Structures are given as structure tokens and as C-alpha cells.
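In: need a 3D model of the sequence below.
(2 chains)
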Amino acid sequence: MSERDVSRVLADAVTEAVLATPGVAFLRPGLVDLLRSSALLRRGLPGAPAGSAGVQVQRRKGAAVLSVRVYVVLRRERRALDVTREVRSAAAQAVERAAGEPAEVTVTVTGLV
Amino acid sequence: MAVNGESVPENEAPDDEREAGFGVLSDDELLPCGRKLSYVWEQVEAGVPDPHIESCPHCTQAVDALRHLEGIVTRTREATPREDPDTSALAGRVMDVVRLELRPGRTLPLGDEDEDTWIVEAAAARTIRAAAESLPGVRAGSCRLDPPATETAEAGETTEAAEAVAAPAGRLARGPVRVRIGVQVPLTWNLPETADLVRSRVLEAVDGELGMRIAGVDVTITDVIDDESDATDATDAIDDTGDSREGRQQ
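Out: Next comes the predicted model:
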């Protein structure tokens, strides 16, 4: 399994955990991703990356630690900070379960609906 | 992240992210001709004629894609009866999310200093503007949030502090955020009291709905509304922050 495949598997695990958190509406849609799926822009752009606009998993060059970035749109019904804390915790647990190692998890709220 | 053309510093993804090929390209995605995708869309939305965009095949494709997206949203709205408030509200919220994607603004800290949770300026600003407008007759204008590092930049130090803000989330400074909001208020209101009211609504919302730590709220009353239809009746703008700077309208 290439490192890219591993990242994709981890990204999927994180995605599932994030979407299961109460108060999460959806992952950042990533307009660029939406258009990339359209044939109009497929030419000239690199191939599909591991993950999505909402979840990025990578191991920085030279760093031992996995880095996970989550970009998420929340519902207004709960305090944003409470939801992001739960998202962070759920994502960290998902990576630990799937990768067997801890990760640095960063969560950014990109919208509220 | 996408950049507000006026004053928001760019949050560039670090080079190693792009090289490793992991994750996704940022919203500063470049078309093969070198133009930024977000820039091309903004020009088109603003109706600004641009000879390069009109003649370049990559830009033209990007514009077609935007029209395609817009068409989908418009057809969805037209297909449903306008009297149905829920559906047109939904279409409105979809376009809100689209706009947030194009111009998220700065990344701001959410929560305690040792946490790693963040929120984009555009999302926080919306919550704040809505809080101000919960006061009857008040219209919110420009709302900006300043992350901790830029306070020193405004005090006249070098641009190093401002550049520190341009690092990706995770390397940004964490600390209380300063809010600057401009509002238009009804003529009959006591202006200093109104500013205080706006300030306390904003603080309530920021604490209760977001959980963001705030250093202060600068309220600028940019206009006084004489009646419902007269939002631009220009009287002397009264600045509640003690300096002469006004909030900028978005």
C-alpha cells in the first residue's frame, strides 16, 4: 500500500467519524473539488488527491507525526466550539484506531448553516 | 485560502503540502494560464471586463463552470414555487455556502490558547452581523475580525507580525480576537447606548454561539437611518472607538 493509499484510508476513517459528530452539517464542500468532477476543468489540473477539501491527511516531510486537518461546516444549533472539540476528539480516535499511532488534528470551521 | 482583494493577507499552503501531493489544492488554485480560479470568478461576478479572461481558453472554461453551477442553483429555485419559504431559503443557504468558499477570510482561533480549533472570518462575521441585526432597525455593515498577531502590526511595528499571520492554521498565533463592526441605526436612538447594546449582543453571540475569546468589540455607527427607505442619509459618522477610523462597508 502506497503512502498515498494509507492517507486515503485514514482520511476516510476521519471523514466517517467527523460526519457522525452531532452538530456537523457537512465537510467543507470545496468548490474546486466540485468543478474538478466536471469535465470542463479536468484538463490541466492534477489528478484527484488523497482525501477531500474537508479532510486532509499527511505526514510532513521529515516529521514523525501524522497531521490531520479537518474543514467542516457546522449547524447553528450547538455552540461551535463544543462541536469542534468533539470533532477533534473523534478524528484523533479514528486515526489512532486506523493507523495505530497518534496524530495532530486541526479542526477549522468554514461555515455555519 | 481565497483572498479578499482589498486587505486580507493570503493564507498559502506550505510548499511541502503541495509537493507531497496529499490533501487538496487550496482555494488559491491556479489555472494553467496562471490566473487564480477565485480571482476569475470574482471578476465575473463583479461584472468587471477582463480581456485576458475573455480570450483565454482556461479562464473561459472556468467561467463556463461557474455559470453551470449558477444554472443548477437557479433551476432548482425556479423549479420550486417561490411561495415555499423553506426551499428558496435552502437555495439561499446553498449560495451562502458557495460565497463562503470563495472568500473565507482569515483563519481565527476558536477556544483556548492551547487548543487546535479554528474558524474562518467569514463564518464568524456572519454570526456577529446577525447578532447586531437582532436589534430592531439596526443594519450591520462591514464586520472584520483581527487575530492576535495583527494588533502589534497596527501599532506600527514592521510587517513581520503581519506575515506571521499568513502561516497556515496551526502556526498562527492564538489569543483573544478583536472585532470591528459598522452599523446603521435608527435616527431616534441614543447613539452611545446603541453602540453598547450592539457590543453586548455581539459578545453574547460570540460566546454563546461560537465560543471565541474576544479582546474587544469596536462598534462604528456609520449611518443614521431616518426611515426604513432611507439607509444612506449621510450625517456625520460617529465613531465609538475614540479614533477617527470608520468601519468599511463590505
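
In: run through the neighbouring helices and strands of the lengthiest helix in chain B.
Out: If you go by DSSP state H, chain B has its longest helix at helix B:57-79. Under the contact criterion of 3 or more C-beta pairs under 8 Å, 6 or more residues apart in numbering or on different chains; DSSP states H and E, helix B:57-79 touches helix A:31-36, helix A:39-42, helix B:37-46, helix B:51-55, helix B:85-102. Using the backbone N, CA and C atoms, a C-beta is placed for each residue, glycine as well.

In: now it: mean pLDDT?
Out: The average pLDDT for helix B:57-79 rounds to 76.

In: using CSV, write out every CA atom in it.
Out: The C-alpha coordinates for helix B:57-79 follow below in CSV (Å, rounded to 0.1, in the frame of the first residue of the first chain):
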residue,chain,number,x,y,z
PRO,B,57,-9.5,29.1,-23.0
HIS,B,58,-8.7,28.1,-19.4
CYS,B,59,-10.4,31.1,-17.9
THR,B,60,-13.3,30.7,-20.3
GLN,B,61,-13.7,27.1,-19.2
ALA,B,62,-13.6,28.2,-15.5
VAL,B,63,-16.3,30.8,-16.3
ASP,B,64,-18.4,28.2,-18.0
ALA,B,65,-18.1,26.0,-15.0
LEU,B,66,-19.3,28.8,-12.7
ARG,B,67,-22.3,29.5,-15.0
HIS,B,68,-23.0,25.8,-14.9
LEU,B,69,-23.1,25.9,-11.1
GLU,B,70,-25.2,29.0,-11.1
GLY,B,71,-27.5,27.4,-13.5
ILE,B,72,-28.0,24.4,-11.3
VAL,B,73,-28.9,26.7,-8.3
THR,B,74,-31.2,28.9,-10.5
ARG,B,75,-33.0,26.0,-12.0
THR,B,76,-33.5,24.5,-8.5
ARG,B,77,-35.0,27.8,-7.4
GLU,B,78,-37.2,28.1,-10.4
ALA,B,79,-38.4,24.6,-10.3
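
In: state the distance from the nearest residue to B:D50 once chain neighbours are set aside to chain A.
Out: What sits nearest to B:D50 in space, not counting adjacent residues and going by C-beta to C-beta, 6 or more residues apart in numbering or on different chains, is B:Q43, at 5.2 Å. If you measure B:Q43 against chain A using C-beta to the nearest C-beta, to the nearest Å, the figure is 16 Å.

In: scan chain A for its longest helix.
Out: helix A:80-99.

In: that one: how far from the chain's middle?
Out: 11 Å (C-alpha atoms, centre = their mean, to the nearest Å).
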